[in-house]
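Enquirer: The sequence and its predicted three-dimensional model are supplied below.
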Amino acid sequence: MTKALIVTANGGSDVLQVRDVDVPPPGPGQAQIKVAATGVNFIDVYQRQGVYPIPTPFTLGMEGAGEVVAVGDGVDLRPGDRVAWAMSLGSAAGLSNQPAPQLVPVPDGVPLTTAAAAMLQGMTAHYLVNSTYAVQPGDIALVHAAAGGVGQLLVQLITAKGGRVIATAGSAEKLAIAEGLGADVLINYRDTDDLADAVRAATGGRGVDVAYDGVGKDTFDASLASLRPRGMLVLFGGASGQVPPFDLQRLNAGGSLFVTRPTLAHYVLDREELLWRGGEILGALADGSLHLEIGGEWPLAEAATAYDTLESRASTGKLLLLP
């Protein structure tokens, strides 16, 4: 028996309940993990709301880290091993059976809370700058919500690859965080009448090579209008809501533009790719070349507060639940 965070029905954070659930022994190919921490992510919100349909009730949580306590047949892990994972449902619980092929070893020196905070957003930032649009030295990237969990990592990974970052956020305090991580141009969207004009002015009228947009509805039009000819808009989330359908002729008129809507699951399709992305992110945290801010921690019983904080877009860094 363990405590688990249950989505009782589709809706707001009020549908969340902590319940006692039975956890069976791990089956073939599974490891049972004592969960140290689980990440608070917008994908959880979309699942809870029913945007990504899952039959209710279900245990929330797509990311976590902890210590192996038991293994099923065919699993090359031992009790005591420290592991982390992402994109696997049912993580917000004291004990969780997880598919062993989706587990990434956590290096010595990386706390399990840090590993839990790094997996989903860290590997997201990794695939965005290495695979969806492979940033090259001299590229100019627009990063919205640059003080958020993914945003902070994007700023660091882009600048490490020799790119320049135009960062947007809703307060001077958040912009200061982005600047401290290496952002070159800072734009407070609350003080800007035309966000795209401000971005274009910062590039001498050229536009950006790529716009990384996890905000969605509120920023999509500005992101599209900020691109150079043949630039790419990478829409990887919808913190402000989902983007409505739009006329594809806008891509032609804007300069033969590209738009993509990626998700992490399609960028960790095999174990080799998973270990590459997860290993590079956790390794960078271990050697200190990557900084990760944990913006808040809550027990499962206060999960609604954690998700309300995330959805308000008032937080910075990564938010965690501690089962």
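Expert: All right, it came through fine.
Enquirer: Tell me which stretches of the stretch 151-300 of the chain form strands.
Expert: Shown for the stretch 151-300 of the chain, the strands assigned by DSSP state E, counting those that start in this stretch span residues 164-169, 185-188, 208-213, 227-235, 258-260, 294-299.
Enquirer: List the strands paired with the first one, with their directions.
Expert: As defined by DSSP bridges, the strand partners of strand 164-169 come to strand 140-143 (parallel), strand 185-188 (parallel).
Enquirer: List the buried residues of the last one.
Expert: Okay, so that is strand 185-188. 185-188 (16 or more other Cβ atoms under 10 Å). (Each C-beta comes from the backbone N, C-alpha and C, glycine too.)
Enquirer: any chance of these in CSV, with pLDDT and distance to Leu103 too?
Expert: Putting the buried residues of strand 185-188 into CSV (pLDDT from 0 to 100; distance: Cβ to Cβ, whole Å) gives the following:
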residue, pLDDT, distance to Leu103
Val185, 98, 39
Leu186, 98, 38
Ile187, 97, 39
Asn188, 96, 41
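Enquirer: so which of the strands paired with strand 164-169 gets nearest Val68?
Expert: Of all the strands paired with strand 164-169, it is strand 140-143 that lies closest to Val68, at 35.8 Å by Cβ to Cβ.
Enquirer: can you pull the contacts of the nearest residue to Phe246 once chain neighbours are set aside?
Expert: Nearest non-adjacent residue to Phe246, counting by Cβ to Cβ, 6 or more residues apart in numbering: Phe220, 8.0 Å away. For Phe220, the set of contacting residues under the criterion of Cβ atoms under 8 Å, 6 or more residues apart in numbering consists of 213, 233, 235, 243, 246.
Enquirer: need the strands paired with strand 164-169 in CSV with distance to Arg78, can you?
Expert: Formatted as CSV, the strands paired with strand 164-169 follow (distance: least, Cβ to Cβ, whole Å):
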stretch, distance to Arg78
strand 140-143, 40
strand 185-188, 48
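Enquirer: Out of the ones you listed, which is closest to Asp76?
Expert: With Cβ to Cβ, the closest approach to Asp76 among the strands paired with strand 164-169 belongs to strand 140-143: 38.5 Å.
Enquirer: Alpha carbons of the closest one, as PDB, please.
Expert: Listed next in PDB are the C-alpha coordinates belonging to strand 140-143 (Å, rounded to 0.1, in the frame of the first residue of the first chain):
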ATOM      1  CA  ILE A 140      19.500  33.900 -32.800                       C
ATOM      2  CA  ALA A 141      16.800  32.100 -30.800                       C
ATOM      3  CA  LEU A 142      13.700  33.600 -29.200                       C
ATOM      4  CA  VAL A 143      12.800  31.900 -25.900                       C
END
